[in-house]
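Q: Predicted model follows, preceded by the sequence.
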Amino acid sequence: QVQLVESGGGLVQAGGSLTLSCAASGRTATTYAMGWFRQAPGKERAVVATINWSGSSTYYADSVKGRFTISRGDAKNTVYLQMNSLKPEDTAVYYCAAGGILTPTRANEIVYWGQGTQVTVSK
């Protein structure tokens with residue numbers, strides 16, 4: 001079993017920045033790819049950014065390329081999402097995710113989910 005605990009969500013004005021953190025625990029936590037998905041009201045959960053188990057490969061949704069950066073801590077059991085130039089359309093619940101080895105892009109590739117953290121971007 002892998003447990004994922006997110007932190008860092010909140011309210012920010014458009015153009016501002018936030019950093020999300022996710023700490024993974026469990027014997028096999030460092031062997032999984034990790035990443036972030038988000039779900040806005042009335043919409044399906046969708047990938048934001050993912051990173052492979054070693055941190056050498058990343059994937060970004062087109063909507064966040066150039067604005068968001070995903071990284072993995074040296075111990076490989078923590079993943080961060082630096083979000084810059086935030087837009088109101090980035091408002092959603094952000095979920096930390098773990099699953100696979102490469103860079104998952106679909107929710108059905110994910111094995112473990114965090115509880116979610118709300119990000120709200122005001123105009």
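A: Perfect, thanks for sending it.
Q: what sits against the spatially most central residue of the chain?
A: Central residue of the chain (C-alpha atoms, centre = their mean): Trp36, 1.9 Å from the mean position. Residues near Trp36 by C-beta atoms under 8 Å, 6 or more residues apart in numbering: 20, 22, 47-50, 70, 79, 81, 94-97. All C-beta spots, glycine's among them, are computed from the backbone N, C-alpha and C.
Q: Please repeat the previous calculation with a cut-off of 6 Å.
A: Residues near Trp36 by C-beta atoms under 6 Å, 6 or more residues apart in numbering: Val48, Ala49, Leu81, Tyr94.
Q: just Ile101 next, same as before
A: Ala33, Trp53.
Q: mind checking the SS state of it?
A: coil (DSSP: H, G, I helix; E, B strand; the rest coil).
Q: give me phi/psi at it?
A: With angles defined as degrees, to the nearest 10, Ile101 sits at phi -120, psi -40.
Q: how far away is the closest residue to Val119 other than its chain neighbours from Val121?
A: Among residues not flanking Val119 along the chain, Gly9 sits closest, at 4.9 Å (C-beta to C-beta, 6 or more residues apart in numbering). Separation of Gly9 from Val121 (C-beta to C-beta, to the nearest Å): 11 Å.
Q: Quick check: the residue nearest to Val2 when sequence neighbours are not counted vs Thr19, distance?
A: Computed as C-beta to C-beta, 6+ apart, the closest residue to Val2 that is not its neighbour in sequence is Gly26, at 3.9 Å. From Gly26 across to Thr19, the span is 23 Å (C-beta to C-beta).
Q: one step back: how many other residues sit next to the nearest residue to the residue nearest to the centre of the chain once chain neighbours are set aside?
A: Excluding the flanking residues, the one nearest Trp36 by C-beta to C-beta, 6+ apart is Val48, at 4.3 Å. Applying other C-beta atoms under 10 Å, we find 24 residues neighbouring Val48.
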